[in-house]
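> below: sequence and its predicted model.
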Number of protein chains: 2
Amino acid sequence: MTERLYLYDTTLRDGQQTQGVQFSASEKQEIALMLDALGLDYVEGGWPGANPTDSEFFDAPPTLKAKLTAFGMTKRAGRSADNDDVLAAVLNAGTGSICLVGKTHPFHVRTALGITLEENLEAIRDSIAHLVSNGREALFDAEHFFDGYADDPAYATDCLRAALDAGARWVVLCDTNGGTMPDRIAEVVREVIAAGIPGDRLGIHTHNDTEQAVAGSLAAVQAGARQIQGTLNGLGERCGNANLTSLIPTLLLKAPYAEAFAIGVTRENLPRLMTASRRLDDILNRVPRREAAYVGASAFAHKAGLHASAILKDPTTYEHVPPETVGNQRIVPMSNQAGLSNLRSRLAEAGLTGDDTQMRRILERVKAREDEGYSYDVAPASFEIIAREELGLMPDFFEVKRYRVIVERRKNKHNKMVTVSEAVVVVKVDGEKRLSVSESMDATGSDRGPVNALSKALAKDLGPLQDRIVDMRLKDFRVRIMQGGTEAVTRVIIDHEDSAGRRWSTVGVSPNIVDASFEALLDAVRWKLCQG
Amino acid sequence: MTERLYLYDTTLRDGQQTQGVQFSASEKQEIALMLDALGLDYVEGGWPGANPTDSEFFDAPPTLKAKLTAFGMTKRAGRSADNDDVLAAVLNAGTGSICLVGKTHPFHVRTALGITLEENLEAIRDSIAHLVSNGREALFDAEHFFDGYADDPAYATDCLRAALDAGARWVVLCDTNGGTMPDRIAEVVREVIAAGIPGDRLGIHTHNDTEQAVAGSLAAVQAGARQIQGTLNGLGERCGNANLTSLIPTLLLKAPYAEAFAIGVTRENLPRLMTASRRLDDILNRVPRREAAYVGASAFAHKAGLHASAILKDPTTYEHVPPETVGNQRIVPMSNQAGLSNLRSRLAEAGLTGDDTQMRRILERVKAREDEGYSYDVAPASFEIIAREELGLMPDFFEVKRYRVIVERRKNKHNKMVTVSEAVVVVKVDGEKRLSVSESMDATGSDRGPVNALSKALAKDLGPLQDRIVDMRLKDFRVRIMQGGTEAVTRVIIDHEDSAGRRWSTVGVSPNIVDASFEALLDAVRWKLCQG
């Protein structure tokens, strides 16, 4: 016997209240379609009339299977619901569902609204009834519900009753300030249900101010609530809202939820969640969190040697769900914490194998180099080169005789300060010396610096090998100073891509950032040449 | 009546199992001292013998009030505890406390260890007894405890009993795979206590694979466990461990924990938590998470218009704890008012003041530059220079006409590859042009790179101003690429110190890392000159 549990996404409304986040109308459109394809029940698009973007979005709303929902607030005091222009703007968006936020905490009714408790109940009743009489599905977001309930449980519950009596489909308990513990959320939900509010009309809306928004939502469901409000990647005001990207896999895959509830997202659709999560980061130009539950790049990375060796025997030894169920994949990174079995599986991925002595030599060298500041778990291509060297499988493709890079800043002929970077790289290929020189000006005329110039010069002319590297592209460049102070060494990680869709990362370490970068660039070229 | 609750930090061990994280021994030392100053009870330093860094750290351990703890595993089958070289290496680290991980799940005993259940119990007993007979405090990390308990509760509990009977101070229930729900954790803890394992000898170790590690830890404490293992910023294998940075403020400030428990961290010390969290990100060159609970820059940012206006009337309307209790501060990004008063107090710190028009101009310029990638939070000296410029208080000390830096790598006369960096800086001081040239060789003969060379050349000869800058020392240099891909801009933060003990930070941004560094160097010199 499964019960239906409803998912309400507020990425486009509460998620937009994240500091630094501002969606355009077309981005909202794209995200709404993505949420819909995933199988969300409700997609809250924003507050029509509150800002130009939200109004623009609702002027040309996407067509969804999900219920597109407009957000607003209960009518203001001293006017009727049908005379409230703010409420009118929300209704005019024409959505089938509307969610209105209203007060339930006596302190807020008095401090923020400056009206009586009865006037507030009337505002809730009148506003919800107005939506229903206009043929809309009505939801009531009970703001500060848990704080209000602590202060005056009878009044807070009366606010819910007022909304339900006026015809609201859902009343949603909001932990607006994010400070309520999951146990307390469960207790209040049980009490509210015992007081006559049906669980299948109760929603939960939590915030992550104690890093427990996910747990708080699940606690409410366990206690009887049947709607969860949350956001993709946990976006939202302050510390964010309940993270649907974590909640959805738990609801679908984990006991006791998977057996007890049916949700709109299917197991077949679940891998779309990771794509949606990454695409949202893309839109916001954020670096995806590697450690994110289920969808992070490290979520199934087994770095500890003991873990890695067991994973090879049976993945369930260190995985609570199979990575492929959420569209993710297992990683066994190479590092000085790794053991021999870890190493074997890493080599197998690259199609390499070796005897125990060779394995130990590779491991020793990895450990020694990591001590100097190298990090192979994020630079598998450099690791592969070390392994190939120890296995005698690394050809001497070419030799770098010398390089030189110049960065010069001075006035140009228009009396404007400009910077020019120029690199010369001298290599010997097949006994023949080749000199290459490059600048690092990009299409916009700005200079991208010495590493860019070196990268271009190194890849400019490898003679007979040139055909095999022409499709390499430098994609990312990360720098870390390994110890404070001027005695630091610099670690550079460089990512490349090629036309076959390969992406590989290499590492270089030196007190000199240019040297470190050049080392990583060199590894990248050598790795690419090994691909034949 | 408060009960003592113990905090066990594993940032330096499980935290080091985060993909991409590799601490140096000196970084471990610094972090251990930071955790100690905060008031942690146990600081787990690593696994002596498992890798060179951990061994180096334990060779010269920091002096702590906290119990410095070495990590290892129970003895292997087929030898006695005093004949196990892995265990011997852990004991040889000489710490007062040792934590050994061991199996409690029959499936793992058979699959991973390939021994009988009784042999595993014997390994636990013998290993723990060996520590105790050597005068050490022993902890037992019960790996996969919750999965093992689900499979065979009697055996899993027997493993705990074996450790306690052999003299372990603590047995720690590890949710190794991170898949156990908080409710289930609480249930198992209650059952284990009912089975005779004392709660005040029970610890909890959770992982964040369902984004519930914090909730799981608190659930265990509610059920009777009295030790929490976690990490700063939630570092750790896969999705990370329980985040102590979130747990500590909740335990100190929130009901029911604040009243029920005493922990080693005091309310007075709590603001150090934010500093420690940021410093750890600094060491790892990670961008601090704005949305982190309690310590994130956005944790008390009130962006929604309704929230912001209420906050001005009474901060408790939208804050579950006052930001200052955790050393954080309120941000009202929409409110010019808050911005201006904020700005005034920052200027006052530098002995500066201005009228409203000047304040607004400074704010606008800061905002525009932060949009380009500058960050003034971490570079107050560069902020002060902007403010001085807008206030007409920034003298034109000197002008940079041009600079050039060359990095060259080639064979020296001994046929060894060496790198030399050389910088030329041309400045005009008091109408007079001055050319300076410097290399960046350090005392050990290694080249420190282009930024070091530029720094030396810039500070080599400022003519009549030279006396005022001779005692400047470049102390730290941090680089961050602000967007992925080759189109990224580079942000450089540079710290300087002088003989008066001042320490100041400046920022530069450019697509060219050398330009960005030079901008930050220039700000540093100009700030120093303002100090008279």
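Sure, I can see it.
> and chain A, what are its domains?
A:3-265, A:305-390, A:399-530 (automatic domain parsing).
> which one of those is the most hemmed in?
Ranked by mean neighbour count, the domains of chain A are led by domain A:3-265 with a mean of 22 (mean count of other CB atoms under 10 Å in any protein chain shown). All C-beta atoms are positioned from the backbone trio N, CA, C, and that covers glycine.
> now the terminal residues of it, how far apart.
The first and last residues of domain A:3-265 sit 14 Å apart, counting by CA to CA, to the nearest Å.
> tell me what the helix or strand of chain A at the bottom of the mean pLDDT ranking is packed against?
Within chain A, judged by mean pLDDT, DSSP states H and E, the helix or strand with the poorest mean is helix A:305-313; its value is a mean of 77. Packed against helix A:305-313 by the contact rule (3 or more CB pairs under 8 Å, 6 or more residues apart in numbering or on different chains; DSSP states H and E) you find helix A:340-349.
> got the angle for the helix it packs on vs helix A:305-313?
Using axes from the mean of the first three to the mean of the last three CA atoms, to 10 degrees, the inter-axis angle of helix A:340-349 relative to helix A:305-313 is 50 degrees.
> state the distance from A:Arg473 to A:Ala350.
In this view, A:Arg473 and A:Ala350 are 21 Å apart by CB to CB, to the nearest Å.
> and if you look at A:Pro315?
Here A:Pro315 is placed at a distance of 20 Å from A:Ala350 (CB to CB).
> can you check A:Glu119 too?
A:Glu119 sits 71 Å away from A:Ala350, going by CB to CB.
> next one: A:Lys413
Counting by CB to CB, the separation of A:Lys413 from A:Ala350 is 52 Å.
> how about A:Ser446?
A:Ser446 sits at a distance of 38 Å from A:Ala350 (criterion: CB to CB).
> what do you get for A:Arg360?
Taken as CB to CB, the span from A:Arg360 to A:Ala350 is 18 Å.
> and if you look at A:Ala292?
Using CB to CB, A:Ala292 is found at 27 Å from A:Ala350.
> low-confidence bits of the stretch 151-300 of chain A, can you list those?
Applying pLDDT under 70 to the stretch 151-300 of chain A flags the ranges A:285.
> again with the stretch 351-500 of chain A
Checking the stretch 351-500 of chain A against pLDDT under 70 turns up A:482-488.
> stretch A:392-399 near chain B at all?
No: contact of stretch A:392-399 with chain B (CB under 8 Å from any CB of the partner chain) is absent, the minimum separation being 10.7 Å.
> in that stretch, which residues are buried?
Residues A:Met394, A:Phe397, A:Phe398 are the ones in stretch A:392-399 that count as buried (16 or more other CB atoms under 10 Å in any protein chain shown).
> so which of these comes closest to B:Cys99?
Using CB to CB, A:Met394 is the member of these that lies nearest B:Cys99, at 40.9 Å.
> how close does that closest one get to A:Arg388?
4 Å.
> could you export whatever helix or strand A:Lys367 lives in as CSV, CA atoms only?
Assigned by DSSP states H and E, A:Lys367 falls within helix A:356-372. What follows is helix A:356-372, C-alpha atoms only, in CSV (Å, rounded to 0.1, in the frame of the first residue of the first chain):
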residue,chain,number,x,y,z
ASP,A,356,53.5,-6.7,-7.8
THR,A,357,57.0,-5.2,-7.9
GLN,A,358,55.9,-2.7,-10.5
MET,A,359,52.7,-1.9,-8.6
ARG,A,360,54.7,-1.2,-5.4
ARG,A,361,57.1,1.1,-7.4
ILE,A,362,54.2,3.0,-8.8
LEU,A,363,52.6,3.4,-5.4
GLU,A,364,55.9,4.5,-3.8
ARG,A,365,56.4,7.1,-6.5
VAL,A,366,52.8,8.4,-6.1
LYS,A,367,53.2,8.6,-2.4
ALA,A,368,56.5,10.4,-2.6
ARG,A,369,55.2,12.9,-5.2
GLU,A,370,52.0,13.6,-3.2
ASP,A,371,54.3,14.5,-0.3
GLU,A,372,55.9,17.1,-2.5
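> next SSE after it?
Sequence-wise, the next helix or strand downstream of helix A:356-372 (DSSP H and E) is helix A:380-390.
> ok, and what's touching stretch A:149-165?
Applying CB atoms under 8 Å, 6 or more residues apart in numbering or on different chains, the contact partners of stretch A:149-165 are A:102-107, A:117, A:120-121, A:124-125, A:128, A:138, A:140, A:142, A:145, A:148, A:171, A:188, A:191-192, A:195-197, A:201.
> in helices only, show me the residues you listed.
Mapping the contacts of stretch A:149-165 onto helices (DSSP state H) picks out A:106-107, A:117, A:120-121, A:124-125, A:128, A:145, A:148, A:188, A:191-192.
> any common contacting residues for A:Met394 and A:Arg388?
Joint contacts of A:Met394 and A:Arg388 (CB under 8 Å, 6+ apart) are A:Cys530.
> now the closest residue to chain B within the stretch 201-350 of chain A, nearest residue through space, not along the chain?
Going by CB to the nearest CB, chain B is nearest to A:His320 of the stretch 201-350 of chain A, at 2.5 Å. Nearest residue to A:His320, sequence neighbours excluded (CB to CB, 6 or more residues apart in numbering or on different chains): B:Gly179, at 2.5 Å.
> please apply the same query to A:Thr506.
Using CB to CB, 6+ apart and skipping the chain neighbours, the partner closest in space to A:Thr506 is A:Asp523 (3.7 Å).
> quick check on that neighbour: phi, psi?
A:Asp523 adopts backbone torsions of phi -60, psi -40, taken as degrees, to the nearest 10.
> list the residues that contact it.
A:Ala379, A:Ala381, A:Ser382, A:Ile385, A:Thr506, A:Val507, A:Gly508.
> my read: the second one touches A:Gly508, true?
No: the pair A:Ala381 / A:Gly508 is not scored as a contact, 11.8 Å apart, by CB atoms under 8 Å.
> contacting residues for the residue of the stretch 51-200 of chain A found nearest chain B?
In the stretch 51-200 of chain A, the residue that lies nearest chain B is A:Gly179 (2.6 Å; CB to the nearest CB). Contacts for A:Gly179 (CB under 8 Å, 6+ apart) come out as A:Asp147, A:Asp209, A:Thr210, B:Lys254, B:His320, B:Val321.
> contact partners for A:Arg410?
Shown in contact with A:Arg410 (CB under 8 Å, 6+ apart): A:Met417, A:Val418, B:Lys401, B:Arg402, B:Tyr403, B:Arg404.
> which residues of the stretch 1-150 of chain A lie near chain B?
Looking at chain B, the residues of the stretch 1-150 of chain A close enough under CB under 8 Å from any CB are A:Gln17, A:Thr18, A:Gln19, A:Gly20, A:Ala50, A:Met73, A:Phe107, A:His108, A:Thr111, A:Ala112.
> if we go to 6 Å?
Proximity of the stretch 1-150 of chain A to chain B (CB under 6 Å from any CB of the partner chain) is limited to residues A:Gln17, A:Gln19, A:Thr111, A:Ala112.
> which residues does the last one contact?
Counting by CB atoms under 6 Å, 6 or more residues apart in numbering or on different chains, A:Ala112 makes contact with B:Ala310.
> also A:Gly508?
A:Val492, A:Ala516, A:Glu519, A:Ala520.
> and these, which of them are in helices?
Secondary structure from DSSP H places A:Ala516, A:Glu519, A:Ala520 of the contacts of A:Gly508 in helices.
> turn these into JSON lines, including distance to A:Asn92 and pLDDT.
Output for the ones in helices among the contacts of A:Gly508, formatted as JSON lines (distance: CB to CB, whole Å; pLDDT from 0 to 100):
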{"residue": "A:Ala516", "distance to A:Asn92": "59", "pLDDT": "95"}
{"residue": "A:Glu519", "distance to A:Asn92": "62", "pLDDT": "97"}
{"residue": "A:Ala520", "distance to A:Asn92": "57", "pLDDT": "97"}
